[in-house]
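Visitor: whatever this is, show me its structure:
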Amino acid sequence: MPDYSPENPAPWAKYKDKTTKVLVKNSISYVGSYSFYNHVELVYAAFAESVKEIGEHAFDGCIKLQYFYYPTPKPP
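Guide: Below is the predicted model:
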């Protein structure tokens, strides 16, 4: 997932007032900067084990975010 900015928002930003849940699936290794910026209705975010990094400000402005599930990596 690429990086975004307030001036160049993610394609799904048009749903920011309706999105309540985000599930990042196994094929994604990076959640880009500002990916879910100002998703004011977002309550729940969960990530697959494949996600290794979350960019800056990815969840800034998510004022209702209560549940953030990021699995603990398995030991080598």
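Visitor: break down the chain into its strands, ranges please.
Guide: Remark: strands assigned in the chain by DSSP state E are 21-24, 30-31, 44-47, 53-54, 67-69.
Visitor: these into CSV, with extra columns for mean neighbour count?
Guide: In short, each C-beta sits where N, CA and C put it, glycine included. Shown next, in CSV, are the strands of the chain (neighbours: other C-beta atoms under 10 Å):
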stretch, mean neighbour count
strand 21-24, 15
strand 30-31, 18
strand 44-47, 18
strand 53-54, 14
strand 67-69, 11
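Visitor: as JSON lines, those strands with mean pLDDT and distance to residue 38 would be great.
Guide: Output for these, formatted as JSON lines (pLDDT from 0 to 100; distance: least, C-beta to C-beta, whole Å):
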{"stretch": "strand 21-24", "mean pLDDT": "94", "distance to residue 38": "13"}
{"stretch": "strand 30-31", "mean pLDDT": "96", "distance to residue 38": "15"}
{"stretch": "strand 44-47", "mean pLDDT": "95", "distance to residue 38": "14"}
{"stretch": "strand 53-54", "mean pLDDT": "94", "distance to residue 38": "16"}
{"stretch": "strand 67-69", "mean pLDDT": "93", "distance to residue 38": "16"}
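Visitor: ok, which of those strands comes nearest residue 4?
Guide: Ranking these by proximity to residue 4 (C-beta to C-beta) places strand 30-31 first, at 10.3 Å.
Visitor: what pairs with the closest one, parallel or antiparallel?
Guide: strand 53-54 (parallel) (DSSP bridges).
Visitor: what does the strand it pairs with contact?
Guide: Strand 53-54 has contacts (C-beta atoms under 8 Å, 6 or more residues apart in numbering) with 29-31, 47.
Visitor: also stretch 11-22?
Guide: Residues from elsewhere that reach stretch 11-22 (C-beta under 8 Å, 6+ apart): 4, 36-46.
Visitor: can you rerun that using 6 Å?
Guide: 38-39, 41-45 (C-beta atoms under 6 Å, 6 or more residues apart in numbering).
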